[in-house]
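In: Okay, structure incoming, though there's no sequence with it:
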Ligand code: FES
Ligand code: FES
């Protein structure tokens, strides 16, 4: 099918060049990395950019950088790049599992994590992991650089804190300092390629600090602060987990849509919380568990 | 119009494209490469899969202008100089019926076997989860790939 809308195509090699283009075009420009969202948006008449700026060849926007104090996911890093890193699997398992749950190989080879948070659809798989790790979004424009904590990034479906003349150069994920475990559970209509009906990131550390974040069950992905507070400092028991599960409806605001009803989503978010906490507890003990089929499918 | 130059199935090719032309359309309509098929045109079905620099991508979601200077391989390239063991197995197991999904499935399975010579059934299903087949129920496709995996030396 021919694409109706046409645009200017730019392929800058330097960040400064990219920023100048962004300044010139403002919200009439769209950045192109993997293009798995952008191409669909242009084809289906959702977006009509005057200029498309391909950032795959910008030297400064590196892929992945493992540093002592954390991981920098550059704007060119695809989900496959993340999955191929044994170090990420070891130290950032929650992030790794969320990358694995994105669509399918042919999409993951192209789609970037930074693109995922810029598209900012409510079901984005990378959201819960980044929220649990307290990631920081790095932005640049001709005016300079700034950082936005991921908790302030998502404003509404497909709306973020990014300004029209800005580019996200990468996302920094601080390395958890003490022993920890995490997992990402994704509920889809079937195993394999699907958008999430609900997603949950769970993170626990040695001090019994819990971090929980849901996606696809509200306008933006968000942490479940009340449940985190309830669990803080406590070892898990059946009674405690049941109490946590009863708080789930206060934490999420799911809609009914083509993928599932509202009641089903609420119910499953409770089950996901229970299983996610169990997985993390077992992983803390050093047990190896695959979460791929933990919700059936 | 812009002139782009890239390696297509081991051959350097040049072609004029508009920025909004997808790689899928350019391959099929301007370069005579017909193996990538248009199923959904929005990244869901995998019928349009090709490889860019050895990695499978959805050619319906790539603008042709992006591949300037890169290497694109389609099923036509994979089948040269002769059918691969995997393709022979697909024939032997009668893996396809209408065949519309076949080019995409072969791209995905080839990539899988390049990265993982002995995948188990779960890994095969995961690797093919982005390829929809309306005819076969997938079983004969999985069986052929399992067979190749088994017959390869450990
Ligand atoms: S035609 Fe490209 S994925 Fe369906
Ligand atoms: S054989 Fe017909 S779609 Fe797969």
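Out: Sure, I can see it. Here the structure is a predicted model, which means the values were calculated and not measured. Ligands and ions are numbered 1, 2, ... in the order given.
In: contacting residues around the nearest residue to residue B:80 once chain neighbours are set aside?
Out: In this structure, residue B:80 finds its nearest non-sequential neighbour in residue B:9, 6.9 Å apart by Cβ to Cβ, 6 or more residues apart in numbering or on different chains. For every residue, glycine as well, the C-beta is placed using N, CA and C. Neighbour list for residue B:9: B:33, B:72, B:73, B:74, B:76, B:77, B:80 [criterion: Cβ atoms under 8 Å, 6 or more residues apart in numbering or on different chains].
In: Please indicate which of those residues are buried?
Out: Among the contacts of residue B:9, those buried by neighbour count (16 or more other Cβ atoms under 10 Å in any protein chain shown) are B:33, B:72, B:73, B:74, B:76, B:77.
In: Could you export the residues you listed as a markdown table, including pLDDT and secondary structure?
Out: Compiled in a markdown table, the buried ones among the contacts of residue B:9 are given as follows (pLDDT from 0 to 100; DSSP: H, G, I helix; E, B strand; the rest coil):
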| residue | pLDDT | secondary structure |
| --- | --- | --- |
| B:33 | 98 | coil |
| B:72 | 98 | strand |
| B:73 | 98 | strand |
| B:74 | 98 | coil |
| B:76 | 98 | helix |
| B:77 | 98 | helix |
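In: ok, of those residues, which one's closest to residue A:26?
Out: residue B:72 (33.5 Å; Cβ to Cβ).
In: Hmm, residue B:23 and the closest one touching each other?
Out: Yes. Judged on Cβ atoms under 8 Å, residue B:72 makes contact with residue B:23 at a distance of 7.4 Å.
In: Assess the claim that residue A:251 and residue A:221 are in contact.
Out: No. Counting by Cβ under 8 Å, residue A:251 does not reach residue A:221; the two are 11.8 Å apart.
In: who's in contact with the nearest residue to residue A:10 once chain neighbours are set aside?
Out: Distances taken as Cβ to Cβ, 6+ apart place residue A:53 nearest to residue A:10, at 4.8 Å, with adjacent residues excluded. Neighbouring residues of residue A:53 by Cβ under 8 Å, 6+ apart: A:10, A:11, A:12, A:18, A:21, A:22, A:29, A:30, A:31, A:32.
In: can you check residue B:91 too?
Out: Applying Cβ under 8 Å, 6+ apart, the residues near residue B:91 are residue B:83.
In: now do residue B:93
Out: B:140, B:141, B:143, B:144, B:147.
In: Residue ranges in the stretch 101-250 of chain A under the pLDDT threshold?
Out: Applying pLDDT under 70 to the stretch 101-250 of chain A flags the ranges A:191-193.
In: And chain B, by the same measure?
Out: The model of chain B has pLDDT under 70 over residues B:154.
In: in the chain, which spans are strands?
Out: With no chain named, the answer covers chain A. A:8-10, A:29-32, A:51-54, A:64-67, A:70-74, A:136-141, A:144-149, A:154-156, A:159-160, A:167-174, A:180-187, A:198-205, A:210-215, A:222-223 (DSSP state E).
In: wrong chain, I was asking about chain B
Out: B:2-8, B:11-17, B:49-52, B:55-58, B:71-73.
In: strand partners of the last one, parallel vs antiparallel please.
Out: Right, strand B:71-73. Using DSSP bridges, strand B:71-73 pairs in its sheet with strand B:2-8 (parallel), strand B:49-52 (antiparallel).
In: ranking those strands by burial, who's on top?
Out: Sort the strands paired with strand B:71-73 by mean neighbour count, taking mean count of other Cβ atoms under 10 Å in any protein chain shown, and strand B:49-52 sits at the top with a mean of 26.
In: got the contact list for the spatially most central residue of chain A?
Out: In chain A, the residue lying closest to the centroid (Cα atoms, centre = their mean) is residue A:126, at 1.6 Å. Listed by Cβ under 8 Å, 6+ apart, the contact set of residue A:126 reads A:95, A:98, A:99, A:102, A:113, A:116, A:117.
In: between these, which is closest to chain B?
Out: Of all the contacts of residue A:126, the one with the least separation from chain B (Cβ to the nearest Cβ) is residue A:102, at 10.6 Å.
In: mind giving me the domain ranges of chain B?
Out: B:2-74, B:85-153 (automatic domain parsing).
In: mind putting those in a markdown table, distance to ligand 2 included?
Out: What follows is the domains of chain B, written out as a markdown table (distance: least, Cβ to the nearest ligand atom, whole Å):
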| stretch | distance to ligand 2 |
| --- | --- |
| domain B:2-74 | 8 |
| domain B:85-153 | 3 |
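In: Not counting sequence-adjacent ones, nearest residue to residue A:210?
Out: Nearest non-adjacent residue to residue A:210, counting by Cβ to Cβ, 6+ apart: residue A:231, 4.3 Å away.
In: count of neighbours near that neighbour?
Out: By other Cβ atoms under 10 Å in any protein chain shown, the residues close to residue A:231 number 23.
In: gap between it and ligand 2?
Out: 48 Å (Cβ to the nearest ligand atom, to the nearest Å).
In: Equivalent analysis for residue A:9, please.
Out: 34 Å.
In: does that residue have beta-bridge partners, and which?
Out: Beta-bridge partners, per DSSP bridges, of residue A:9: residue A:52.
In: I figured it hits residue A:42, correct?
Out: No. If you go by Cβ under 8 Å, residue A:9 and residue A:42 don't touch, sitting 11.7 Å apart.
In: between these two, what contacts are shared?
Out: Overlap of the contact sets of residue A:9 and residue A:42 (by Cβ under 8 Å, 6+ apart) consists of residue A:52.
In: Spit out the contact partners of residue B:59.
Out: Residue B:59 makes contact with B:22, B:23, B:24, B:27, B:36, B:48, B:49, B:50, according to Cβ under 8 Å, 6+ apart.
In: among the residues you listed, which are in reach of ligand 1?
Out: residue B:48 (Cβ under 6 Å from any ligand atom).
In: For my notes, please list the contacts of residue B:59 in a markdown table and give distance to residue A:76 for each entry.
Out: Formatted as a markdown table, the contacts of residue B:59 follow (distance: Cβ to Cβ, whole Å):
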| residue | distance to residue A:76 |
| --- | --- |
| B:22 | 21 |
| B:23 | 19 |
| B:24 | 23 |
| B:27 | 24 |
| B:36 | 25 |
| B:48 | 23 |
| B:49 | 22 |
| B:50 | 20 |
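In: which one of the contacts of residue B:59 is nearest chain A?
Out: residue B:49 (5.5 Å).
In: For the closest one, list each beta-bridge partner.
Out: residue B:58.
In: separation between it and residue B:107?
Out: Computed as Cβ to Cβ, to the nearest Å, the residue B:49 to residue B:107 distance reads 4 Å.
In: what do the two both touch?
Out: Common neighbours of residue B:49 and residue B:107, counting by Cβ under 8 Å, 6+ apart, are residue B:56.
In: Ligand 1 versus residue A:238, what's the distance?
Out: Computed as Cβ to the nearest ligand atom, the residue A:238 to ligand 1 distance reads 45 Å.
In: thinking again about what came up before, the more surrounded of residue A:251 and residue A:221?
Out: Ranked by neighbour count (other Cβ under 10 Å), residue A:251 and residue A:221 place residue A:221 first, with 29 against 22.
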